[in-house]
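Visitor: coords below, sequence missing:
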């Protein structure tokens, strides 16, 4: 993309109009997001993880998210890292990570309806997607909304469903030898999930607030970088950044590599001169 769109004259003008303070803010937001994620892990663990340990866990989560398909995410693998790092049972650390994933799903339950409503006032869906692409995106948002609701139900109301699912898996002939290792961890997960599910509303409110700030920081990163080189429409840029990252959750490649760049070109590219896209 860089080779095909590079324009020396446009690049020279970019340097003249570059806003370094916004680039510095983008760097600050990138680090703040990691800190917020670590704070959330510490808060969810109710002190079992310190802020430092939570931040290490968040860094591990980000790393594993970069080397596993986006549709899988790094949370399940990071649970093993946190358990080893803090000498916890895998079931306990998995409950912490899965509860954070639940908070992410709750954020989607709020963000998706807002984005769908935004389509009535701004051109959220890029024209290049066409009518079929636009309806496909709306259908995807609907499916993601349904999945978020099911995940919240299985985690908060019926955590035994996940235990039963794990029990069913380790009954397969090739996985049966792992049964004695897996099921004690799942029972530990179940106890921790039941405990987290019984916490007061203030516990959920603080966790959700940290989750919201974490995701807003993700959206703001794209916003700040693009605005540092081009005065794109701020509201539309921020909304498309959010939509782009929601769609990027289903990429089958490690960390969404390749797919996210394509989504960036589709959603963000039309908001700036072609020469600045790369």
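Guide: Great, that's in hand. Owing to the predicted nature of the structure, the values given are computational and were not obtained by experimental measurement.
Visitor: low-confidence ranges in the stretch 51-200 of the chain?
Guide: 70-72, 128-134 (pLDDT under 70).
Visitor: ranges for the helices of it?
Guide: Ranges of helices in the stretch 51-200 of the chain, per DSSP state H, counting those that start in this stretch, are 51-67, 75-86, 90-118, 130-152, 160-169, 179-197.
Visitor: out of these, nearest to residue 124?
Guide: helix 90-118 (5.2 Å; Cβ to Cβ). Using the backbone N, CA and C atoms, a C-beta is placed for each residue, glycine as well.
Visitor: Save the helices of the stretch 51-200 of the chain as TSV, and put in mean neighbour count and distance to residue 272 too.
Guide: Formatted as TSV, the helices of the stretch 51-200 of the chain follow (neighbours: other Cβ atoms under 10 Å; distance: least, Cβ to Cβ, whole Å):
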stretch	mean neighbour count	distance to residue 272
helix 51-67	18	26
helix 75-86	19	33
helix 90-118	20	20
helix 130-152	14	20
helix 160-169	14	44
helix 179-197	17	43
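Visitor: Of the ones you listed, which is nearest residue 212?
Guide: Nearest of those (Cβ to Cβ): helix 90-118, 6.0 Å.
Visitor: Can you give the distance from the closest one to the centre of its chain?
Guide: Its chain's average C-alpha position is 8 Å from that of helix 90-118, according to Cα atoms, centre = their mean, to the nearest Å.
Visitor: Show me what it is packed against.
Guide: When contacts are defined as 3 or more Cβ pairs under 8 Å, 6 or more residues apart in numbering; DSSP states H and E, helix 90-118 sits against helix 20-44, helix 75-86, helix 130-152, helix 179-197, helix 201-229, helix 234-247.
Visitor: Just put those helices in TSV and tack on distance to residue 258.
Guide: Compiled in TSV, these are given as follows (distance: least, Cβ to Cβ, whole Å):
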stretch	distance to residue 258
helix 20-44	21
helix 75-86	21
helix 130-152	18
helix 179-197	34
helix 201-229	17
helix 234-247	14
